[in-house]
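> Sequence first, then the predicted structure, then my questions.
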Amino acid sequence: MNEKTLGEHIRDARVAKGSSLRELARQLTITPSYLSDIENDRRVPAEQVLRAIANLLQLDFDTLMAMAGRLSAKAERYMKRHPTAGMLFRRISDQNLPEEELKKLLMKVEGLEQQAGDTSNGESP
């Protein structure tokens, strides 16, 4: 499985959009050298920079955050309040679950979110 790095993913999206490194850096209000460092995987951008990149290049923000190895502040607070979430992540990591299994788990969680939304709207699950 040949997965792209965060930097490669961003660079490929920028090139596909036809934007130069300097042009995208200007739009992001960061220096071209900082963007070059990101694209060459020498720096991991801050959450707000990742969000701006996602918006400008029409990329999925959650995917970029995951590729950067970052958790949102909300996710960090959640894991601190619910240690079982951290334990679950460690077990998944220890088992080195393949991408297909991770996607199944994600779909299951998204199904739970949908059920919770239906219940909060007064609908029965």
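Nice, I can see it.
> Mind listing residues that contact stretch 80-97?
With CB atoms under 8 Å, 6 or more residues apart in numbering as the test, stretch 80-97 has contacts from 78-79, 102, 105. Placement of C-beta: from N, CA and C, glycine included.
> for stretch 16-30, same thing?
The contact list for stretch 16-30, computed with CB under 8 Å, 6+ apart, reads 14, 31-32, 34-36, 39, 49, 52-53, 56-58.
> circling back: among the contacts of stretch 80-97, which pair sits farthest apart?
Greatest spatial distance in the contacts of stretch 80-97: Tyr78 and Leu102, 18.5 Å, computed using CB to CB.
> just to revisit the earlier point, name the member of the contacts of stretch 80-97 with the most neighbours.
Taking other CB atoms under 10 Å as the neighbour criterion, Met79 ranks highest of the contacts of stretch 80-97 with 16 neighbours.
> if I pick it, what's in contact with it?
Met79 makes contact with 71, 85-86, 89 under the criterion CB under 8 Å, 6+ apart.
> swap in Thr63?
Per CB under 8 Å, 6+ apart, neighbours of Thr63: none.
> How much space separates it from Arg70?
In this view, Thr63 and Arg70 are 12 Å apart by CB to CB, to the nearest Å.
> Now render the contacts of stretch 80-97 as TSV, adding pLDDT.
Putting those into TSV (pLDDT from 0 to 100) gives the following:
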residue	pLDDT
Tyr78	92
Met79	90
Leu102	91
Leu105	92
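> Which of those fall in helices?
Within the contacts of stretch 80-97, membership in helices is found for 78-79, 102, 105, as judged by DSSP state H.
> closest to Leu6 among those residues?
Nearest to Leu6 out of the ones in helices among the contacts of stretch 80-97 is Leu102 (CB to CB; 17.4 Å).
> Roughly how far does the closest one sit from Phe61?
For Leu102, the distance to Phe61 - CB to CB - is 18 Å.
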